[in-house]
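# Sharing a model prediction with you, sequence too.
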Amino acid sequence: MLVVSNIRAGYDQIPVLHGVALSVTAGEVVALLGRNGAGKTTLLRTLAGELPVRGGLVRLDSQDVTKIRAYRRARAGIAHVPQGRGIFGRLTVEENLEVGTRAAIGRRKADVRDEVYEIFPVLRERRNQLAGTFSGGQQQMLAIARALCGQPKVLLLDEPSEGIQPNIVQQIAELVLKLAADKGIAVLLVEQNLEFVLHAASRCLVMDKGRIVHTGLTTEFRNEALLKELLAL
Ligand SMILES: Nc1ncnc2c1ncn2[C@@H]1O[C@H](COP(=O)(O)OP(=O)(O)OP(=O)(O)O)[C@@H](O)[C@H]1O
Ligand SMILES: [Mg+2]
């Protein structure tokens, strides 16, 4: 379970997050919504340990990971798929996955990779192909697969549907839902695509100006008027 309390963070002298609190339990998919510049990416980067925490706590199960650096936080079980995916285009699929297995501890890396190939048979078929030759949807799958190679307890996904064909978006939403259900991963999902959110998430948080301003069940967000009101804050 991921528990975040009263987090403050930002860039150099610019504060962006002003006391964010949230929790995501094992197997749950929670969506984080909010207009451009609200601080969603900043929050995920802070939770991943890429940006320092200026106040508040980040806990993973019973462990306080607030001050732990990014690579050790990945080993502790927090995986981050950044906005824009962050895969290495000049490396092959398998080399990309190898980078992911660095965060896996206590198991043979080849076994972990094979397990991930079971979920993504297409990636196994194309394991020697350069990742840069892939379509947006395939790259997103690879980015998620790479994150899974670290055997995470928490998966932070930043706009997985961005730049992806509509028919693949549904497929990725189903995948996210299945990963949470089958592996008990806690997923925090930043997403602008409402179909994706309605399909995958059970709860939604709305962020504005570095604060969570509304929380509710996803079903509540089927109400278009409310949604417009919340997102056009
Ligand atoms: N590297 C950076 N250095 C300084 N300020 C930044 C940096 N990245 C983002 N910001 C600022 O932090 C604030 C929050 O940005 P952030 O990227 O977290 O928003 P977001 O909710 O993810 O937006 P989007 O929906 O466009 O992805 C914005 O005011 C932005 O200009
Ligand atoms: Mg963003």
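Here it is on my side, so go on. Ligands and ions are numbered 1, 2, ... in the order given.

# What's the nearest residue in the protein when you look at ligand 2?
Across the chain, no residue is closer to ligand 2 than Thr41, which sits at 3.1 Å (Cβ to the ion). Bear in mind the C-beta positions are built from the backbone N, C-alpha and C, glycine included.

# Now that residue: which helix or strand?
In this assignment (DSSP states H and E), Thr41 forms part of helix 40-47.

# For that helix, output the C-alpha coordinates as CSV.
In CSV, the C-alpha atoms belonging to helix 40-47 read as follows (Å, rounded to 0.1, in the frame of the first residue of the first chain):
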residue,chain,number,x,y,z
LYS,A,40,0.4,15.6,-11.7
THR,A,41,3.7,14.8,-13.3
THR,A,42,5.6,16.6,-10.5
LEU,A,43,3.7,14.4,-8.0
LEU,A,44,4.6,11.1,-9.8
ARG,A,45,8.3,12.2,-10.2
THR,A,46,8.4,13.1,-6.5
LEU,A,47,6.9,9.7,-5.5
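
# Which parts of whichever helix or strand comes after that helix count as buried, going by neighbours?
Following the chain from helix 40-47 toward its C-terminal end, the next helix or strand by DSSP H and E is strand 55-60. Of the residues in strand 55-60, those with enough neighbours to count as buried (16 or more other Cβ atoms under 10 Å) are Gly56, Val58, Leu60.

# Put together a markdown table for the residues you listed, with distance to Arg102 on each row.
A markdown table is the format used below for these (distance: Cβ to Cβ, whole Å):
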| residue | distance to Arg102 |
| --- | --- |
| Gly56 | 28 |
| Val58 | 21 |
| Leu60 | 18 |
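
# need the residues you listed in JSON lines with distance to ligand 2, can you?
Converted to JSON lines, the buried residues of strand 55-60 look like this (distance: Cβ to the ion, whole Å):
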{"residue": "Gly56", "distance to ligand 2": "20"}
{"residue": "Val58", "distance to ligand 2": "19"}
{"residue": "Leu60", "distance to ligand 2": "22"}
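
# which one of the residues you listed is nearest Ile7?
When the buried residues of strand 55-60 are ranked by distance to Ile7 (Cβ to Cβ), Gly56 comes first, at 3.8 Å.

# so that closest one makes contact with Arg8?
Yes - in this structure, Gly56 sits in contact with Arg8. The criterion is Cβ atoms under 8 Å, and the distance is 5.8 Å.

# quick one: common contacting residues for the two?
Overlap between the contact sets of Gly56 and Arg8, as judged by Cβ atoms under 8 Å, 6 or more residues apart in numbering, is given by Gly19, Val20.

# roughly how far is the helix or strand bottoming out on mean pLDDT in the chain from the heart of the chain?
Sorted by mean pLDDT, DSSP states H and E, the helices and strands of the chain end with helix 224-231, the least confident at a mean of 75. Counting by Cα atoms, centre = their mean, to the nearest Å, helix 224-231 is centred 24 Å from the centre of its parent chain.

# Cheers, nothing more for now.
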